[in-house]
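> just coords:
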């Protein structure tokens, strides 16, 4: 009887969590639709209709509160667990939702956001995101690089060979063969900016979910971020220099300022003040998520008018991003197999190659090129996560479960 009652309680709890999750999604979607429908799906100034803005925010707050309550129930956190830790965990776990809300807000209210701080100086916010990543790079991570330098170097080399080459081929086939030259060139530039951007913390999280070699993932991400300011301008010049004027030196200086400097300085802080980093670590994830949401909000607001004027290109961009994502994630896993990598190392390599920092490319596109160049990075930022989680992480997890069953004592 007790066991039966316990199963019934578990079933009821699961049903409650599912209901809250569905209600949360409904509220979030309705919150987005209110201003979109009112504006005819073209966006509007933030203060144009205060009632619409209030309805939008109220529905989103309701949706997030429901999602938070569902998260607390699902995690079954003890009553004494600090509220601030619960909130930090919720923000980190719900990063995909919050990033989508940031992008939606930037699009819906682009006339206002595009001229605000977030639309004009989002590189400052991007620096915060990268500093959060840098402060968590510990001396142990640097030792891991030195300990197995061959494997880390090969992962980095594979990433910088596969992504730019496949990106150029995909851009040529999908854009330049089917779209008019001016539009195709802008989108191709955006694709190359994306493919030459370093991976971010998302690749580390995905490696952790897939039970890959996390030390290798963090080490490779670190090296990729450090060398990106030197390689990215040169590769952009090589691949698209014939179709657009490329300010190589300007890009290099900007990348050093808002990518290299924050990571290196934050890493030094983390190395010299490890206790401080340990104490603030729970809030680092939420800070990274919220700052990245602000970056995406600002970048999409800058490109919103261009997107609305060129809606016909979105199917081509989506196809290109899906093909590019599948190519990067697949080749990143299979090429190392022939270089003697073990399975955990190949999992790390897959995400290091196929998952890009979706914030750096839009920042460069908005600064140096046509706003249309922002579109591939924005689309890829979502498709890469969908592909990585729904196909590759699940594949690796199923394989892990199968191996555990085979190794379990009979």
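Alright, I've got the coordinates. On a predicted model such as this, the values are computed, not experimentally measured, just so you know. Numbering: from 1, shown residues only.

> how far does the strand or helix carrying residue 55 sit from the chain's center?
For residue 55, the element it lies in under DSSP states H and E is helix 50-75. Chain-centre distance of helix 50-75: 22 Å, with C-alpha atoms, centre = their mean, to the nearest Å.

> in that helix, which residues are buried?
52-53, 55-56, 59-60, 62-64, 66-72 (16 or more other C-beta atoms under 10 Å). (C-beta placed from N, C-alpha, C; glycine too.)

> just the mean pLDDT for that helix, thanks.
Across helix 50-75, pLDDT averages out at 93.

> helices or strands next to it in the packing?
helix 2-38, helix 83-93, helix 95-108 (3 or more C-beta pairs under 8 Å, 6 or more residues apart in numbering; DSSP states H and E).

> any chance of those helices in a markdown table with distance to residue 326 and mean neighbour count as columns?
As requested, those are exported to a markdown table (distance: least, C-beta to C-beta, whole Å; neighbours: other C-beta atoms under 10 Å):
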| stretch | distance to residue 326 | mean neighbour count |
| --- | --- | --- |
| helix 2-38 | 27 | 14 |
| helix 83-93 | 26 | 16 |
| helix 95-108 | 19 | 22 |
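
> redo those as CSV? Include distance to residue 312.
Shown next, in CSV, are the helices and strands packed on helix 50-75 (distance: least, C-beta to C-beta, whole Å):
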stretch, distance to residue 312
helix 2-38, 19
helix 83-93, 36
helix 95-108, 17
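
> now those helices as TSV including mean pLDDT and distance to residue 259?
Compiled in TSV, the helices and strands packed on helix 50-75 are given as follows (pLDDT from 0 to 100; distance: least, C-beta to C-beta, whole Å):
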stretch	mean pLDDT	distance to residue 259
helix 2-38	81	31
helix 83-93	88	22
helix 95-108	88	19
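
> which of the buried residues of helix 50-75 sits closest to residue 153?
Nearest to residue 153 out of the buried residues of helix 50-75 is residue 71 (C-beta to C-beta; 39.8 Å).

> returning to what we had before: which one among the buried residues of helix 50-75 gets closest to residue 26?
Taking the buried residues of helix 50-75 together and measuring to residue 26 by C-beta to C-beta, the closest member is residue 63, at 7.6 Å.

> any idea how far the closest one is from residue 303?
26 Å (C-beta to C-beta, to the nearest Å).

> again with residue 388
Residue 388 is 24 Å from residue 303, by C-beta to C-beta.

> for residue 62, same thing?
For residue 62, the distance to residue 303 - C-beta to C-beta - is 29 Å.

> residue 347 is in contact with residue 333, correct?
Yes: with contacts counted by C-beta atoms under 8 Å, residue 333 reaches residue 347, the gap being 7.0 Å.

> more neighbours: those two, which one.
residue 347 (30 against 23; other C-beta atoms under 10 Å).

> so the more buried one is in contact with residue 211, correct?
Yes: using C-beta under 8 Å, residue 347 makes contact with residue 211 at a distance of 7.1 Å.

> what lies in contact with the helix or strand bottoming out on mean pLDDT in the chain?
Lowest on mean pLDDT, DSSP states H and E among the helices and strands of the chain sits helix 139-147, with a mean of 72. Residues outside helix 139-147 that contact it (C-beta atoms under 8 Å, 6 or more residues apart in numbering) are 152, 215-216, 218-219, 222-223, 271.

> how far off centre is stretch 255-268?
Relative to its chain's centre, stretch 255-268 lies at 19 Å (C-alpha atoms, centre = their mean).

> where in the stretch 201-350 of the chain is pLDDT low?
Where the stretch 201-350 of the chain drops to pLDDT under 70, the residues are 243-244.

> do a quick rundown of the helices in it.
201-209, 214-240, 248-255, 261-272, 274-309, 314-334, 343-354 (DSSP state H, counting those that start in this stretch).

> could the ones you listed go into TSV alongside distance to residue 372?
TSV is the format used below for the helices of the stretch 201-350 of the chain (distance: least, C-beta to C-beta, whole Å):
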stretch	distance to residue 372
helix 201-209	25
helix 214-240	13
helix 248-255	18
helix 261-272	28
helix 274-309	5
helix 314-334	10
helix 343-354	24
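
> winner for burial among the ones you listed?
Sort the helices of the stretch 201-350 of the chain by mean neighbour count, taking mean count of other C-beta atoms under 10 Å, and helix 343-354 sits at the top with a mean of 27.

> per-residue pLDDT, residue 189?
The predicted local confidence for residue 189 is 92.

> roughly how far apart are it and residue 32?
Residue 189 is 29 Å from residue 32, by C-beta to C-beta.

> next one: residue 44
13 Å.

> also residue 373?
25 Å.

> out of the helices of the stretch 201-350 of the chain, which gets nearest to residue 98?
Smallest distance to residue 98 across the helices of the stretch 201-350 of the chain (C-beta to C-beta): 5.2 Å, for helix 274-309.
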